[in-house]
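> build me a model from this:
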Amino acid sequence: MNKIKKITILGGAGFIGHNLALYLKKNGYKIQVIDNLKVNNLKSEKYVDKISGGINQSVLKSRLNLFKKYNIKLIESDLKKKKFISLVTNFKPNYIIHLAAVSHSNISNKDPEYTFENSLITLTNALSVCREIRAHLIYFSSSMVYGHFKGKIVTEDTYCNPIGIYGALKLAGEIIVKSYSQIFNFPYTIIRPSALYGERCISRRVGQIFIENALKNKEITVNGDGLERLDFTYISDLILGVVKVIKSKKAQNQTFNITYGSGRTIKDLLNILKKNFPNVVVKFKEREKFMPIRGGLSIKKAKNILNYFPKYSIERGYPKYINWYKNFFKNNFL
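Numbers count the residues shown, from 1 in each chain. Predicted coordinates:
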């Protein structure tokens, strides 16, 4: 890295954001982290899960402790309001990574106004900054934009037909980003992740729920028959993909699936869990109708353009996550 790149992470205290900030800081990047801590975080007025028995709060505090350990300053600012813009323009980043959004489809469907305010309004404010300083925007979309997968795997060129509020807002965000880029002439990259899991996640994704219930000797409920496939992606692989985007000029004005690149069943994940918790009880119920039927995402484009090669299949990544959670639970709750 000939010249130190300056990167602003909006929503940088979230699951993806804090892991990304830690990696970039450790690897010599100059970073600015901005978050209001009010969306699925310590100061949330709602939607911070209350059935975790204190686990969520402990996990969130551990994120901030890591920030202190690695001397990462967190700037608290409401990204729905334009006051934060001067903070970014004074910093003059090369890249702005937009993660200030609601990251849960169920919440989006239950409260679309809340999701709109904390996803699209924050995005338009981020775009205002990019318009002013010509920073490269990295926008996090979702595999949910595809809706029901028509085959076993989708590419970035697959027609998007989202189901429900969450996927629709993510796709709307993509269109808005491209439009701003066309009119105001700054670069962007769109990233579509899928079924993320990993250390310090509190977003109630399936991998997290399975481990938490197993640790508490609670029954696990699965929506559907367990044969549905998801492209489970370990957080370290996603971070690798983001760094590849930052390092490559070829990533400008492109959309990438950044996943492991293979659809695996819920039962595959459960089988790995059962090796650590052999007595866990699993119950299956009718799947939710607004959840699209998904599968694997093609990462051929990311491999060819970015030289992105993920390292963590669920056989490697999920046991790593389980071991982290077991140690965290032991040190904080036993």
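> tally of neighbours for residue 271?
Residues lying near residue 271 (other C-beta atoms under 10 Å) number 14. Where you see a C-beta, it was placed from the backbone N, CA and C, and this is true even at glycine.
> and the strand or helix carrying it, what does it pack against?
If you go by DSSP states H and E, residue 271 is part of helix 266-276. Applying 3 or more C-beta pairs under 8 Å, 6 or more residues apart in numbering; DSSP states H and E, we find helix 266-276 packed against helix 206-215, strand 220-223, helix 314-333.
> make JSON lines out of these and add mean pLDDT.
Output for the helices and strands packed on helix 266-276, formatted as JSON lines (pLDDT from 0 to 100):
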{"stretch": "helix 206-215", "mean pLDDT": "93"}
{"stretch": "strand 220-223", "mean pLDDT": "92"}
{"stretch": "helix 314-333", "mean pLDDT": "93"}
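> so which of those comes closest to residue 282?
For the helices and strands packed on helix 266-276, the distance to residue 282 is smallest for strand 220-223, at 4.8 Å, taking C-beta to C-beta.
> buried ones in the closest one?
Across strand 220-223, burial judged by 16 or more other C-beta atoms under 10 Å covers 220, 222.
> and for stretch 249-257?
Applying 16+ other C-beta under 10 Å to stretch 249-257 flags 251, 254, 255, 256, 257 as buried.
> how about the spatially closest residue to the third one that is not a sequence neighbour, what does it touch?
Ranked by C-beta to C-beta, 6 or more residues apart in numbering and with sequence neighbours excluded, the top spatial neighbour of residue 255 is residue 190, at 4.1 Å. Going by C-beta atoms under 8 Å, 6 or more residues apart in numbering, residue 190 touches 139, 141, 174, 177, 254, 255, 256.
> kindly provide the distance from residue 302 to residue 260.
Separation of residue 302 from residue 260 (C-beta to C-beta, to the nearest Å) stands at 11 Å.
> also residue 211?
Residue 211 is 18 Å from residue 260, by C-beta to C-beta.
> now swap in residue 88 and tell me
Residue 88 is 32 Å from residue 260, by C-beta to C-beta.
> where does pLDDT dip in the stretch 1-150 of the chain?
Scanning the stretch 1-150 of the chain for pLDDT under 70 picks out the ranges 1-2, 45-53.
> where do the helices sit along it?
Secondary structure of the stretch 1-150 of the chain (DSSP state H, counting those that start in this stretch): helices at 15-26, 55-69, 85-91, 105-110, 112-116, 122-133.
> relative to residue 217, which of these is closest?
Among the helices of the stretch 1-150 of the chain, helix 55-69 comes nearest to residue 217, with 14.4 Å by C-beta to C-beta.
> list the buried residues for that closest one?
For helix 55-69, burial by neighbour count (16+ other C-beta under 10 Å) applies to 55, 56, 58, 59, 60, 62, 63, 64, 66, 67.
> orientation of it relative to helix 314-333 in degrees?
Per axes from the mean of the first three to the mean of the last three C-alpha atoms, to 10 degrees, the angle that helix 55-69 makes with helix 314-333 is 90 degrees.
> wait, residue 155 touches residue 300, no?
Yes. In this structure, residue 155 is within contact of residue 300 by C-beta atoms under 8 Å, at 7.3 Å.
> residue 219: which of the helices of the stretch 1-150 of the chain is closest?
Among the helices of the stretch 1-150 of the chain, the nearest to residue 219 by C-beta to C-beta is helix 55-69 (17.4 Å).
> and the closest one, how far from the chain's centre?
Between the centre of helix 55-69 and the centre of its chain there are 17 Å (C-alpha atoms, centre = their mean, to the nearest Å).
> what does stretch 293-303 give?
Here stretch 293-303 is found 16 Å from its chain centre; the criterion is C-alpha atoms, centre = their mean.
> other residues contacting it?
In this structure, residues lying in contact with stretch 293-303 by C-beta under 8 Å, 6+ apart are 143, 146, 148-149, 151-156, 192, 194, 228-231, 241, 244, 254, 256-263, 308-310.
> please list only the buried members of those.
Applying 16+ other C-beta under 10 Å to these flags 143, 146, 149, 153-154, 156, 192, 194, 228-231, 241, 244, 254, 256-263, 308, 310 as buried.
> re earlier: go through the helices and strands packed on helix 266-276 and pick out the most buried.
Each of the helices and strands packed on helix 266-276 was scored by mean neighbour count; the highest is helix 206-215, a mean of 22, by mean count of other C-beta atoms under 10 Å.
> for that one, which helices and strands make contact with it?
Using 3+ C-beta pairs under 8 Å, 6+ apart: helix 206-215 touches strand 196-197, strand 220-223, helix 266-276, helix 314-333.
> what's next to that helix, contact-wise?
With C-beta under 8 Å, 6+ apart as the test, helix 206-215 has contacts from 52, 55, 195, 197, 201-202, 218-220, 230, 232, 266, 269-270, 273, 276-277, 280, 318, 321-322, 325-326, 329.
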